[in-house]
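This is the structure alone, sequence omitted:
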């Protein structure tokens, strides 16, 4: 009996080992089949590299003078937004108003205080004129024995007091005017104006909404659309290949046939963390980038918009030639 049971255990062990080996073989075959599967081509073929040696970058279109993100001076209720998207505005034009009724009420009271102070100055001027006239009359008496020295001194003191009171009233008037001016400045601060000429690119606030001053969330964006620029993010691994004046070509995302020639403007000498442009989970955002700025003319064949993404190809042949020359010079020394 024991021998039969022992044989059954042995056969079951062999059968389990065989099943395990078969299962592992099937998993390995499936993995190999997945690896050998042909990757489907992208829906839009990437553009052909325009240069023999290229530094590729991802860029974004901006207004040439850079976009101006308008913020909120203080949190409050928006009462008026007189501009619309795509509207041209001049420097100083009203963009939006924050509720200023409490300051307007304060200014009404301060205006009344100014009138009171101004009237008090008038009274003090009249008082001084009266005292001065009485003093002049006293001093004009031909017979000096008709008036006592104390009476003349009292008249002079009245004139001095009237002058001091007039100065005090004028100071009060100045202070009242300063309060009105201060309130007017605070009111003007709530009437947000365009800092320069441009086009309203984006409006994120409407009358009746409560505006808050949140970082990286402007209520309005201004830009000059006459000329555009491309802000290209070059991976810091390729930063040493960037030189001033290098040529570059851009392709709008999704359009690999329209090549846009770029003119070098500047390299911003500050490497910053990369910001995700595509929103794709596969895009690396743990890198740092060097930003290179190029200007461009609007292509006539395709429309372009501020904020649009572009693929940028920078001609790196010149930088590599310089590196070779530098290496030769170092070797010669």
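All right, it came through fine. Here the structure is a predicted model, which is why all the values come from computation and not from measurement.

Check the gap between residue 118 and residue 316 for me.
As judged by CB to CB, to the nearest Å, residue 118 and residue 316 stand 73 Å apart. C-beta: built from backbone N, CA, C; applies to glycine.

packing partners for the longest strand seen in the chain?
Criterion DSSP state E: the longest strand present in the chain is strand 259-273. With contacts taken as 3 or more CB pairs under 8 Å, 6 or more residues apart in numbering; DSSP states H and E, strand 259-273 sits against strand 248-252, strand 288-296.

That strand: partners in the sheet, and parallel or antiparallel?
strand 248-252 (antiparallel), strand 288-296 (antiparallel) (DSSP bridges).

Strands of the stretch 151-300 of the chain, residue ranges please.
In the stretch 151-300 of the chain, the strands defined using DSSP state E, counting those that start in this stretch lie at 191-193, 198-203, 210-211, 220-223, 228-235, 248-252, 259-273, 288-296.

Quick one, which of those gets closest to residue 159.
Closest to residue 159 of the strands of the stretch 151-300 of the chain is strand 191-193 (CB to CB; 48.2 Å).

where are the low-confidence patches of the stretch 201-333 of the chain?
276-286, 318-333 (pLDDT under 70).

try 80
Regions of the stretch 201-333 of the chain meeting the criterion pLDDT under 80 cover residues 213-216, 226, 275-286, 318-333.

pretty sure residue 57 belongs to a helix, no?
No: with DSSP: H, G, I helix; E, B strand; the rest coil as the criterion, residue 57 is located in strand rather than a helix.

ok, it - contacts?
232, 233, 234, 235, 238, 289, 292, 311, 312, 313, 314 (CB atoms under 8 Å, 6 or more residues apart in numbering).

returning to that earlier point: show residues contacting the longest strand of the chain.
By CB under 8 Å, 6+ apart, the list of residues contacting strand 259-273 reads 47, 50, 229-230, 236, 239, 242, 244-252, 285, 287-297, 299, 310, 312.

Ok, stretch 223-233 next?
Contacts for stretch 223-233 (CB under 8 Å, 6+ apart): 57-68, 197-199, 201, 248, 250, 262, 265, 274-275, 277, 289-298, 304, 306, 310, 312, 314.

Stretch 247-258 too?
When contacts are defined by CB under 8 Å, 6+ apart, stretch 247-258 is touched by residues 44-48, 50-51, 59, 230, 232, 259-262, 264, 292, 294, 296, 299, 301-302, 304, 308-315.

mind listing what residue 94 touches?
By CB under 8 Å, 6+ apart, the contact list for residue 94 reads 80, 82, 83, 191, 192, 193.

Okay then, goodbye and thanks.
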